[in-house]
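**Student:** need coordinates for the following:
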Amino acid sequence: MSPTRILLLTNRDSDNVGDQIIEATVLSIIKGAMKNLGFGTDDFVISSRAAGIISKRYMATKDPELLTAARDEISKSDLIIFGGAPLFNYAYQNFYRRTIVTLELAQEYDVPVIFSSIGVEKYDAANKKSQALKKALELPVVRQITTRDDIESLRKYAEGTEVPVAHVADPAVLADIVYRKKPEPAPAPKPVPAFPVRAKRKLKRIVKSIVAKSPRSSVAQPATFPVQPVAKAPVAAEPKPQRIGLVVTRAGIFADNSIDFSEDDQRRFWLETIALLDEKGYDYRLFTTGHFSDEVFLDTLIKTSGIPGKKAAVTVNSPDELIRELRGCDGVIAYRLHASITSFALGVPSIGLSWNFKVPYFYESVGYGDRALSPEEWRAEKVVSAIERAMKGGVVKDKEFLKSVYDTLFTGIRDVLAPDNPASPYEFSELWEGMPRQLATGPKGYREKVNRKLRRTYENYQKLYDKAQSVD
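**Tutor:** Just a heads-up that it's a prediction; the model follows:
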């Protein structure tokens, strides 16, 4: 019997390392759910592909030959899972169109579809794009939709269908489980000495005993007294200053979201924040979540502002690097949402600088709505005070809510692949054993990530150049 085939679609190829963390976490959840349902590792295969399995060239040309690869992947699958991607985006992205085509192909081949913890943009009854997406979601192959943010809009998208919907945690809240450190092996027991070794030790004890009993020389020896070293007063080690992580973003993100906050404004904000952190005795560390355009902003900030290079990680290309940076912090101030989410998973308090609705949605969902600051509050004094309060309060987790992303995906998979299986989802404490650990990115995988990033960056520069040339 051939293994069950699951096609997982995520933003795995994104420069945003947060999306790579989502892919790894969803993969671990699926594997854990399959184990939970009694499937062996040889009983199923997961094909992890980019959510944009429908190419941009096809969307531009509608050439049916360009759908061949997507048709092949979808037709041989038993289940399609969209994991944690912003699949309904239509405001300034065209992802929704590719989602619609994917659903149409799934319907053609009768392959069930689950949307797990996806990003949802506002439902708009008057917007043709929003309504086209709603119509596609009415297809019978859609079996479950859960979102990490706008549940009210999701309910409107699913209105008139019997598709179950729910508000769940972002998959990355389980990053501490998926990226748990490899357990140290138990020390090996000391070997029992061989017979010759034991005999040698016994012989030494006998010789020492004979020497000790032999008569001492009658010649008086001058008395000697050991010189006692002068004890030095212990020097208390200076406490290590707390480190605050500062996660920057690209210059144009604010204009894209209709926020009056320029590149100079962001630069000024970070410099004033750094000055205040220095004044208060904190250490700081600047970094990004991997977007090349974010790295361009950070590189320029360092070069033009005299910030020491050792205070920044300009390039971040893998989940391991981002998690290492976050684990090294006592608190985090971030524009990028998945720096906040992964910080939360690792137990590091954070402040989210809200440039779109998804940032406050996340903080409210985990009980820390006051840690998401609107643009009116982006002032050094306000933000530094907020991170100080957050570090004092720490991170307390609602385990049932965190587990919601696992529970709903488990239920969706069970209902499609094993509807008669009586198994229940793992308890939260069981996830540490049930969900497999993500291995570190190896040299080959790291090179592939960097090459993809450089290729996309060059392509984007080429598009900008072509656009400028056409204007001239």
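
**Student:** hang on, L7 in a strand?
**Tutor:** Yes: assessed by DSSP: H, G, I helix; E, B strand; the rest coil, L7 belongs to a strand.

**Student:** OK, contacts around it?
**Tutor:** Contacts for L7 (CB atoms under 8 Å, 6 or more residues apart in numbering) come out as S47, R49, E73, I74, S77, L79, I80, I81, V111. Quick note: C-beta positions are derived from backbone N, CA and C, even for glycine.

**Student:** mind redoing it with 10 Å?
**Tutor:** 45-49, 53, 73-74, 76-82, 102, 106, 111, 113 (CB atoms under 10 Å, 6 or more residues apart in numbering).

**Student:** buried residues of the helix or strand harbouring V359, list them for me.
**Tutor:** Under the criterion of DSSP states H and E, V359 resides in helix 358-365. Residues K358, V359, P360, Y361, F362, Y363, S365 are the ones in helix 358-365 that count as buried (16 or more other CB atoms under 10 Å).

**Student:** does anything pack onto it? Which helices or strands?
**Tutor:** helix 337-345, strand 350-353, strand 372-373 (3 or more CB pairs under 10 Å, 6 or more residues apart in numbering; DSSP states H and E).

**Student:** count residues in the vicinity of D256, would you?
**Tutor:** Residues lying near D256 (other CB atoms under 10 Å) number 13.

**Student:** any idea how far it is from E272?
**Tutor:** 24 Å (CB to CB, to the nearest Å).

**Student:** may I ask which of the buried residues of helix 358-365 comes out lowest in pLDDT?
**Tutor:** Within the set of these, pLDDT is lowest for K358 (90).

**Student:** so the residue nearest to that one when sequence neighbours are not counted, which state does it fall into?
**Tutor:** Sequence neighbours aside, D149 is the residue nearest to K358 in space, at 5.2 Å (criterion: CB to CB, 6 or more residues apart in numbering). Classification of D149 by three-state DSSP places it in coil.

**Student:** again, but for F115
**Tutor:** strand.

**Student:** now do it, the pLDDT please.
**Tutor:** Note for F115: predicted pLDDT of 96.

**Student:** that one: neighbour count?
**Tutor:** 28.

**Student:** before we move on, the earlier item: what's next to the helix holding V359, contact-wise?
**Tutor:** Applying CB under 10 Å, 6+ apart, the contact partners of helix 358-365 are 86, 119-121, 147-151, 167-170, 172-173, 334-338, 340-341, 344, 350-354, 368-374, 398, 401, 404.

**Student:** filter those residues down to just the buried residues.
**Tutor:** 86, 119-121, 147-151, 167-170, 172-173, 334-338, 340-341, 344, 350-354, 368, 371-373, 404.

**Student:** one step back: the residue nearest to K358 against G84, yeah?
**Tutor:** No: counting by CB atoms under 10 Å, G84 is not a contact partner of D149; they are 11.1 Å apart.

**Student:** need the overlap of contacts for those two.
**Tutor:** In contact with both D149 and G84: S117, I118, G119, D170, using CB under 10 Å, 6+ apart.

**Student:** max pairwise distance over the residues you listed: which two?
**Tutor:** I118 and D170 (10.1 Å; CB to CB).

**Student:** common neighbours of those two, please.
**Tutor:** G84, T147, R148, D149.

**Student:** next helix or strand past the worst-scoring helix or strand of the chain on mean pLDDT?
**Tutor:** Ranked by mean pLDDT, DSSP states H and E, the weakest helix or strand in the chain is helix 195-213, scoring a mean of 63. Counting by DSSP H and E, the next helix or strand C-terminal to helix 195-213 is strand 243-247.

**Student:** which strands border that following strand, and is each parallel or antiparallel?
**Tutor:** Paired neighbours of strand 243-247 in the sheet (DSSP bridges): strand 283-287 (parallel), strand 331-334 (parallel).

**Student:** what about these, which gets the closest to S130?
**Tutor:** Of all those, strand 331-334 comes closest under CB to CB, at 29.2 Å.

**Student:** the closest one: which residues count as buried?
**Tutor:** By 16+ other CB under 10 Å, the buried positions in strand 331-334 come out as G331, V332, I333, A334.

**Student:** show me which pair in these is furthest apart.
**Tutor:** Pairwise distances among the buried residues of strand 331-334 were taken by CB to CB; the largest, 10.2 Å, belongs to G331 and A334.

**Student:** list residues touching both of these two?
**Tutor:** With CB under 10 Å, 6+ apart, G331 and A334 have common neighbours G245, S343, S350, I351.

**Student:** which residues sit in contact with the last one?
**Tutor:** What that stands for is I351. With CB under 10 Å, 6+ apart, I351 has these contacts: 244, 331-334, 340, 343, 363, 368, 370-373, 377, 382-391.

**Student:** where does the stretch 351-472 of the chain dip in pLDDT?
**Tutor:** Scanning the stretch 351-472 of the chain for pLDDT under 70 picks out 471-472.

**Student:** now do the strands in the stretch 51-200 of the chain.
**Tutor:** Along the stretch 51-200 of the chain, counting by DSSP state E, counting those that start in this stretch, strands occupy 79-83, 113-118, 142-147, 165-167.

**Student:** T25 contacts A172, doesn't it?
**Tutor:** Yes: assessed by CB under 10 Å, T25 is found in contact with A172 at 5.8 Å.

**Student:** what residues are shared contacts of the two?
**Tutor:** Residues touching both T25 and A172 by CB under 10 Å, 6+ apart: G84, S117, V178, Y179, P319, T342, A345, V405.

**Student:** ok, and the most crowded of these?
**Tutor:** T342 (32 neighbours).

**Student:** now do the contacts for that residue.
**Tutor:** Residues near T342 by CB under 10 Å, 6+ apart: 17-18, 21-22, 25, 170, 172-173, 175-176, 179, 289, 319, 322-323, 325-327, 332, 334, 336, 348, 350.

**Student:** may I have stretch 332-348 exported as CSV, CA atoms only?
**Tutor:** Once non-C-alpha atoms are left out, stretch 332-348 reads as follows in CSV (Å, rounded to 0.1, in the frame of the first residue of the first chain):
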residue,chain,number,x,y,z
VAL,A,332,13.0,42.6,22.4
ILE,A,333,11.6,45.7,20.7
ALA,A,334,10.5,44.7,17.2
TYR,A,335,8.7,45.9,14.1
ARG,A,336,8.7,42.4,12.6
LEU,A,337,5.8,40.3,14.0
HIS,A,338,7.6,37.0,14.0
ALA,A,339,10.4,38.4,16.0
SER,A,340,7.8,39.1,18.6
ILE,A,341,6.1,35.7,18.3
THR,A,342,9.3,33.7,18.4
SER,A,343,10.5,35.8,21.4
PHE,A,344,7.3,34.9,23.2
ALA,A,345,7.8,31.2,22.4
LEU,A,346,11.3,31.4,23.9
GLY,A,347,10.0,33.2,27.0
VAL,A,348,11.7,36.5,26.1
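
**Student:** any idea how far that stretch is from the chain center?
**Tutor:** Offset of stretch 332-348 from its chain centre (CA atoms, centre = their mean, to the nearest Å): 9 Å.

**Student:** quick one: average pLDDT of that stretch?
**Tutor:** So the average pLDDT for stretch 332-348 ends up being 97.
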